[in-house]
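In: Give me a model of this one.
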Amino acid sequence: GAKLIEVLNEWKNLQGRFIVMSGMPNIDHVRGLPNVRAVLRKPFQMTTLDAMLTATT
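Out: Next up, the predicted model:
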């Protein structure tokens, strides 16, 4: 997961945006990356994910 986020962040022409969902406690370091729109820690409420998806579209 961490390597994937690192690779995706290095792509300059990447048009996708991501919401990172993880059960790991150390995911705050990805919060400021340009292609990451939000970070969710598991477990999370589906209403929280729905609100994030609505806000990022």
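In: Walking through the protein, point out its helices one by one.
Out: Along the chain, the segments classed as helices by DSSP state H run 2-10, 46-56.
In: Pick out the shakiest of these, pLDDT-wise.
Out: Considering the helices of the chain one by one, the lowest average pLDDT is found for helix 2-10, at a mean of 75.
In: Can you list the neighbours in contact with that helix?
Out: When contacts are taken as C-beta atoms under 8 Å, 6 or more residues apart in numbering, the neighbours of helix 2-10 outside the stretch itself are 14, 16, 18, 20, 30, 33-36. For every residue, glycine as well, the C-beta is placed using N, CA and C.
In: re earlier: dump the helices of the chain into CSV; add distance to residue 26 and mean neighbour count as well.
Out: Supplementary listing: those in CSV, determined by distance: least, C-beta to C-beta, whole Å; neighbours: other C-beta atoms under 10 Å:
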stretch, distance to residue 26, mean neighbour count
helix 2-10, 9, 12
helix 46-56, 20, 11
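In: Got the confidence number for the most far-flung residue of the chain relative to its centre?
Out: In the chain, the greatest distance from the average C-alpha position (C-alpha atoms, centre = their mean) is reached by residue 13, at 17.7 Å. At residue 13, the pLDDT value in this model is 74.
In: Same question for residue 32.
Out: At residue 32, the predicted lDDT confidence score is 79.
In: Dump the helices of the chain into JSON lines; add distance to residue 40 as well.
Out: Written out in JSON lines, the entries for the helices of the chain read as follows (distance: least, C-beta to C-beta, whole Å):
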{"stretch": "helix 2-10", "distance to residue 40": "14"}
{"stretch": "helix 46-56", "distance to residue 40": "7"}
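In: Residue 25 is nearest to which of those helices?
Out: helix 2-10 (13.0 Å; C-beta to C-beta).
In: I figured residue 39 hits residue 20, correct?
Out: Yes. Distance between residue 39 and residue 20: 4.9 Å, which falls inside the contact criterion (C-beta atoms under 8 Å).
In: quick one on the thing from earlier: can you tell me which of the contacts of helix 2-10 is nearest residue 44?
Out: residue 20 (11.5 Å).
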